[in-house]
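**Student:** coordinates only, no sequence provided:
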């Protein structure tokens, strides 16, 4: 005979059923709330293997962690957004895929790239001209503001150097300018970035002068580094210098479209720019001026200043010491440092005790030209004649004396030889 269920047993059974039902509902809710599988995980199932290779032996590995930290990874962008000819439903996909079209999202930069020196080279058939991935990377693209980004201000030199600092590639592609990256690195701009001696982004790097997605050949009138545009490019940082140069004789010539007049890079160069007080620059600047002013450099070399400069001493007046650097004006301009009104003050920057007569000295007097002053011209001719005459006279005297000594010595030896034969 079955014993009747107690009230406690019934309550326990009801409680157990309630728990089971509640658990079932919770599990069902959790299952419904569970996120769907990440589509990129399907791709990484194969490409996440660091040793993954295609049938041709080419690496097809993608570092999942790097992609997750990239700008596209942070956007949760799916692989198929770029690789549009791939579908997770038709795997495995073809070995050779269509090139990724960055322009499908980045329309403006890609459109600008087509007209750049790199884009034009690619269109002409070059296989080494830089594309989007050469500068930005592939699956590890980072925002420019990220210190680890290839396009971060501090890293752009290294990014551009992958081509413009690669000697083998430079020779292969015949890149203009040679190893530009190495020269830039040693410049005042490159060293400021390398040694972190400037404030953030203060010293210019490659893209500040050449542009990024609008980088054009210097022969292109729209280029930032074409001859006509260089003062504006440099002036975007050196505003005060540009303002002084524009008022100078050189700047005024440029304003009337005389492009032969010197601009920034004619004196400072493009990628080899040095500190203005560096010894190598102080010694070289005279030659820079002389590349245009041949007559003046020749007459300067004849002076005390020029000869001391030639010996390698920097504490001596050069062109810029007297004429100025960026504010150069003709002597006929009253504001010029070498005008009649200002010449004495200019001389006194080095010679504090200089007087009016001292300032009358002509630092470019040319003794080889009569129109430079007849007194100096004829004095120079006299000195030439005197020098040639003295050396000619004493040279002939020395030659004749040597001949006479040789003749006397020969005669003495002959007599000594004859005397010896007679005694025998």
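**Tutor:** Ah, there it is. Being a predicted model, the structure only gives us computed values, none of them experimental.
**Student:** quick check: closest non-adjacent residue to residue 342.
**Tutor:** Nearest residue to residue 342, sequence neighbours excluded (Cβ to Cβ, 6 or more residues apart in numbering): residue 336, at 6.6 Å. All C-beta atoms are positioned from the backbone trio N, CA, C, and that covers glycine.
**Student:** check contacts around the one you found.
**Tutor:** For residue 336, the contacting residues are 323, 328, 329, 330, 342, by Cβ atoms under 8 Å, 6 or more residues apart in numbering.
**Student:** surely the fourth one touches residue 249?
**Tutor:** Yes. Distance between residue 330 and residue 249: 5.7 Å, which falls inside the contact criterion (Cβ atoms under 8 Å).
**Student:** so those two - more neighbours on which side?
**Tutor:** Set residue 330 next to residue 249 and count neighbours by other Cβ atoms under 10 Å: residue 249 wins out with 16 against 11.
**Student:** thought that one was touching residue 328?
**Tutor:** Yes. Residue 249 lies in contact with residue 328 (Cβ under 8 Å); the separation is 5.6 Å.
**Student:** quick one: the closest residue in space to residue 230 that isn't next to it in sequence and residue 251, what's the gap?
**Tutor:** Leaving aside its sequence neighbours, residue 230 sits nearest to residue 263 (Cβ to Cβ, 6+ apart; 5.1 Å). Note on residue 263: its distance to residue 251, by Cβ to Cβ, to the nearest Å, is 9 Å.
**Student:** again with residue 322
**Tutor:** Relative to residue 251, residue 322 is positioned 19 Å away (Cβ to Cβ).
**Student:** who's in contact with the residue lying closest to residue 120 once chain neighbours are set aside?
**Tutor:** Sequence neighbours aside, residue 217 is the residue nearest to residue 120 in space, at 7.4 Å (criterion: Cβ to Cβ, 6+ apart). Shown in contact with residue 217 (Cβ under 8 Å, 6+ apart): 117, 120, 223.
**Student:** per-residue pLDDT, residue 217?
**Tutor:** The score at residue 217 is 91. That number is its pLDDT.
**Student:** cool, and residue 231?
**Tutor:** 96.
**Student:** hang on, it in a helix?
**Tutor:** Yes. Counting by DSSP: H, G, I helix; E, B strand; the rest coil, residue 231 is part of a helix.
**Student:** excluding chain neighbours, what is closest to it?
**Tutor:** With Cβ to Cβ, 6+ apart, the residue lying closest to residue 231 is residue 263, at 5.2 Å.
**Student:** what about the longest helix in the protein?
**Tutor:** helix 374-423 (DSSP state H).
**Student:** what does the domain assignment say about this structure?
**Tutor:** Split into domains by automatic domain parsing, the chain comes to 40-48+62-88, 107-255.
**Student:** columns distance to residue 100 on top of those, output as JSON lines?
**Tutor:** Shown next, in JSON lines, are these (distance: least, Cβ to Cβ, whole Å):
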{"stretch": "domain 40-48+62-88", "distance to residue 100": "5"}
{"stretch": "domain 107-255", "distance to residue 100": "8"}
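**Student:** noted, bye for now.
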